[in-house]
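K.L.:
Pasting the sequence and the predicted model now:
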Amino acid sequence: MKHSIVTLSLLLATSLLAESGDSIAKRLSIKAGDKLAKQWEKTLADDEKRKAIGAGSLSAADLDGLKKYLMTHAADSDAPLF
């Protein structure tokens, strides 16, 4: 039981410390509407391309948040942000 509580606490703390995708994109000067969703997938999947946009050192949680934000607001999405 203690192990479950500790694990849950760590997961919650990690998610609370994760920066939002919106704020990460702003900090990196990335506009979601500059690329299609498929282009963002390829960019974030490739280490060199990720480094080129300044996202090379993001934590897994921050990278996931950034990816969700970029996919939601990509040029071909229902809510693009240019």
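P.N.:
Yep, it's here. Numbers count the residues shown, from 1 in each chain.

K.L.:
In this structure, what helix or strand scores lowest on average pLDDT?
P.N.:
Using mean pLDDT, DSSP states H and E, the weakest-scoring helix or strand in the chain turns out to be helix 2-17, at a mean of 60.

K.L.:
measure the residue most central in space within the chain to G21 for me?
P.N.:
In the chain, the residue lying closest to the centroid (Cα atoms, centre = their mean) is L66, at 1.7 Å. Look at L66 and G21: by Cβ to Cβ, to the nearest Å, they are 5 Å apart. In this view, the C-beta of every residue, glycine as well, is placed from N, C-alpha and C.

K.L.:
ranges for the helices of the protein?
P.N.:
2-17, 21-27, 37-45, 47-52, 60-72 (DSSP state H).

K.L.:
Most tightly packed of those?
P.N.:
helix 60-72 (a mean of 18; mean count of other Cβ atoms under 10 Å).

K.L.:
then that one to CSV, C-alphas only?
P.N.:
Listed in CSV are the C-alpha atoms of helix 60-72, where the atom choice follows Å, rounded to 0.1, in the frame of the first residue of the first chain:
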residue,chain,number,x,y,z
ALA,A,60,9.2,13.6,-21.2
ALA,A,61,6.2,15.3,-19.5
ASP,A,62,7.0,18.7,-21.1
LEU,A,63,7.6,17.1,-24.5
ASP,A,64,4.2,15.3,-24.2
GLY,A,65,2.5,18.6,-23.3
LEU,A,66,4.1,20.4,-26.2
LYS,A,67,3.1,17.7,-28.6
LYS,A,68,-0.5,17.8,-27.5
TYR,A,69,-0.6,21.6,-27.8
LEU,A,70,1.0,21.5,-31.3
MET,A,71,-1.3,18.8,-32.5
THR,A,72,-4.4,20.5,-31.2
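
K.L.:
I appreciate the help and will end here.
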